[in-house]
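**Student:** what follows is a predicted structure for the sequence shown.
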Amino acid sequence: MNYPENLASAAEYLKKAIPHMMEQQLPANPINYTLWYNYVANHIPALNKALDRITTKTAGLTPEQSEELFFNYIISEHLEDHQQALKDITQIAAGLLSNLNNTMDGGEVFDKELSGHLEQLKAAKSMGEVSQIVDKVISSSEDIKASNQHFMESMQVANQEIASLRHQLQQAEKNAYTDQLTQLYNRHAFDRQLEQLLQTEAVAKNVCLILTDLDHFKSFNDDYGHIIGDRVLQRTGELIQDYSPDNAIGARYGGEEFAIIISNATIDETVAVAEKIRTKLQQLRVKIKNSDKVLDNISASFGVAQFIIGETAENFIDRADQALYSAKNNGRNQVAIYSDS
């Protein structure tokens, strides 16, 4: 997440965040500060709704709820390697709070000194004494100004570090769910996406699945080497991305096998997508490096199934897999639809 505030705005959000934490009787630790800073800045509307819902229905926000919201909305929801990220953002926020405490302590000292200087002014008997007291007031004012400036600079640095960290987290999450060779989702991401789609019956009843497997892929590797095999996989991934509809999720399922989840689609529409990719794949040409030879016999078999309400995700995948093997057993380079018969 980017934090676009200038120093004045950031300081204003800071002042607004602290009363919220006090109202909820929460300590000003890095997690709570980050939550309420984003709340008053309205950076994450979904977080605001969640906080409003919890604080309206309950007596207050518990530490456990704060941690849950922090991980769900500030740190990526399913980021597996979040421990280092938590450590980094905690250090940033802790440093910021330390500077805040120093600034607040400096303000209290300034208040006391100013009160003392005012008493001295009342008792001053000469212009010389008044001049000395005024010099002290100016000196104290410069000290508090320097302290505030240091805090505002630390706010700016912290905002930059948090923005950088957020970018790293987003990249880490992308890497965690992306097949690096094809840039499609990986198997883990596929399982996650499918489970989410199947949770709601109204959505699940219109979900279709394509499983596809490159024909005779082992021979590509045996005859031309893994570099050519990888190029075929990359080009297949590109075709899936280019010719899948917007409501589709493409993934490398494993090895030379790919999967495409299509929501809000009929079986006929899904077959049409499979046929389009099959045709484009058959037209694919891959030139062999340092050779005049062109690989032009690339094909794949496709299995298609539509989700049946009540079945498990595993059964759904298995039916698409059965259709895929039916396509292979009937000659390859074709699309087969799952059938009970």
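**Tutor:** Alright, I've got the coordinates.
**Student:** my guess is Ala204 meets Gln196, correct?
**Tutor:** No: here Ala204 lies out of contact with Gln196, judged by C-beta atoms under 8 Å, at a distance of 10.1 Å. The way it works is simple: take the backbone N, C-alpha and C, and place the C-beta from them, glycine included.
**Student:** what about Phe302, which SS state?
**Tutor:** strand (DSSP: H, G, I helix; E, B strand; the rest coil).
**Student:** wait, it sits on Cys208?
**Tutor:** No: contact criterion C-beta under 8 Å: Phe302 and Cys208 do not qualify, at 11.8 Å.
**Student:** strands of the stretch 101-250 of the chain, start to end?
**Tutor:** 208-214, 248-254 (DSSP state E, counting those that start in this stretch).
**Student:** quick check: neighbours of the very next helix or strand once past the last one in the sheet, parallel or antiparallel?
**Tutor:** Sequence order places strand 257-262 as the next helix or strand after strand 248-254, per DSSP states H and E. Take DSSP bridges as the rule and strand 257-262 pairs in its sheet with strand 208-214 (antiparallel), strand 248-254 (antiparallel).
**Student:** with only the CA atoms kept, save the last one in PDB.
**Tutor:** Only the C-alpha atoms of strand 248-254 are listed here, as PDB (Å, rounded to 0.1, in the frame of the first residue of the first chain):
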ATOM      1  CA  ALA A 248     -11.500 -17.600 -16.300                       C
ATOM      2  CA  ILE A 249      -8.600 -18.600 -14.100                       C
ATOM      3  CA  GLY A 250      -5.700 -20.400 -15.700                       C
ATOM      4  CA  ALA A 251      -3.200 -22.500 -13.800                       C
ATOM      5  CA  ARG A 252      -0.300 -24.800 -14.400                       C
ATOM      6  CA  TYR A 253      -1.700 -27.900 -12.700                       C
ATOM      7  CA  GLY A 254       1.600 -29.900 -12.800                       C
END
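**Student:** quick one: buried residues of that strand?
**Tutor:** 248-253 (16 or more other C-beta atoms under 10 Å).
**Student:** which one of these is nearest to Ile288?
**Tutor:** Arg252 (23.3 Å; C-beta to C-beta).
**Student:** tally of neighbours for the residue nearest to that closest one when sequence neighbours are not counted?
**Tutor:** Once flanking residues are discounted, Arg252 sits nearest to Asp179: 4.1 Å by C-beta to C-beta, 6 or more residues apart in numbering. Around Asp179 there are 21 other residues, counting by other C-beta atoms under 10 Å.
**Student:** my guess is Glu311 is in a strand, correct?
**Tutor:** No: looking at Glu311 with three-state DSSP, it is coil, so not inside a strand.
**Student:** now it: how far from Asn6?
**Tutor:** 55 Å (C-beta to C-beta, to the nearest Å).
**Student:** could you do Asp215 as well?
**Tutor:** Taking C-beta to C-beta, one finds Asp215 at 59 Å from Asn6.
**Student:** more neighbours, these two?
**Tutor:** Asp215 (21 against 12).
**Student:** just to check, the more buried one is in contact with Ala327?
**Tutor:** No: the pair Asp215 / Ala327 is not scored as a contact, 9.5 Å apart, by C-beta under 8 Å.
**Student:** quick one: common contacting residues for the two?
**Tutor:** Ser301 (C-beta atoms under 8 Å, 6 or more residues apart in numbering).
**Student:** from Gln193, how far off is the closest residue to Ile18 other than its chain neighbours?
**Tutor:** Closest residue to Ile18 in three dimensions, ignoring its sequence neighbours and counting by C-beta to C-beta, 6+ apart: Ala28, at 6.6 Å. As for Ala28, its distance to Gln193 is 38 Å (criterion: C-beta to C-beta).
**Student:** one more: Ser339?
**Tutor:** Counting by C-beta to C-beta - Ser339 and Gln193 are separated by 26 Å.
**Student:** tell me, how many residues neighbour Ser164?
**Tutor:** For Ser164, using other C-beta under 10 Å, the count is 12.
**Student:** ok, now how distant is the nearest residue to Gln183 once chain neighbours are set aside from Gln171?
**Tutor:** Once flanking residues are discounted, Gln183 sits nearest to Gly237: 6.2 Å by C-beta to C-beta, 6+ apart. Distance, Gly237 to Gln171, by C-beta to C-beta: 19 Å.
**Student:** next one: Leu194
**Tutor:** Taken as C-beta to C-beta, the span from Leu194 to Gln171 is 24 Å.
**Student:** and what of Met22?
**Tutor:** 36 Å.
**Student:** same question, Ile337
**Tutor:** 39 Å.
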